[in-house]
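Asks: Quick check, what structure comes out for this input:
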Amino acid sequence: MLNSLKSPLLLSAMLSAALGLTACSSPSSEGSDTASADSAATDTAVDKLDTKFLTIATGGASGPYNIIGTSLSEVYVKTFGVNSKTQTTGASVENVNLLTQGKVDMVLALSDVVTDAVEGKNNFEQPITNIQQIAVLYLMSCKS
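Replies: Modelled structure (predicted):
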């Protein structure tokens, strides 16, 4: 089952990286050949990174967050040349707390946990202001 998950997850990670490259591409690369545009976009994206080291907080070692985070980490290494790693955790609430404490650079978290963090309720005593949602990775339905 793990092999059947790897391809879609890797594709998702690659698409996320491609979107980042598109957002960071320079206007001067427009109108040039594709290879030059791709090279310019990558060079510009690398210049836009604030760090050469990236830690992604995931979840349990065998869970989907860790698989997605590991794939994303590999894309960051190949695309941006950063030293990237994942950190296994107890999942969303712990991840948001680690981000708030500056111990990790990126987290995978359920959107309801991020909403609670921003609003300062449930597991969060005060509103968290230094967090942004950058992507929805998959839909999750919960049964009551």
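
Asks: hey, which helix or strand in the protein has the poorest pLDDT?
Replies: Least confident element among the helices and strands of the chain, by mean pLDDT, DSSP states H and E: helix 2-24 (a mean of 44).

Asks: which regions of this protein lie under the pLDDT threshold?
Replies: Applying pLDDT under 70 to the chain flags the ranges 1-49, 142-144.

Asks: Swap in 90 and give it another go.
Replies: For the chain, the stretches with pLDDT under 90 are 1-52, 63-65, 76, 79-81, 111, 130-144.

Asks: Please enumerate the helices of it.
Replies: Using DSSP state H, the helices of the chain run over 2-24, 34-48, 64-80, 92-100, 111-119.

Asks: How about the contacts made by residue 65?
Replies: 58, 59, 91, 108 (CB atoms under 8 Å, 6 or more residues apart in numbering). All C-beta spots, glycine's among them, are computed from the backbone N, C-alpha and C.

Asks: so what's the second one closest to, chain neighbours aside?
Replies: Spelled out, that is residue 59. In space, and not counting its chain neighbours, residue 59 is closest to residue 65: 3.3 Å by CB to CB, 6 or more residues apart in numbering.
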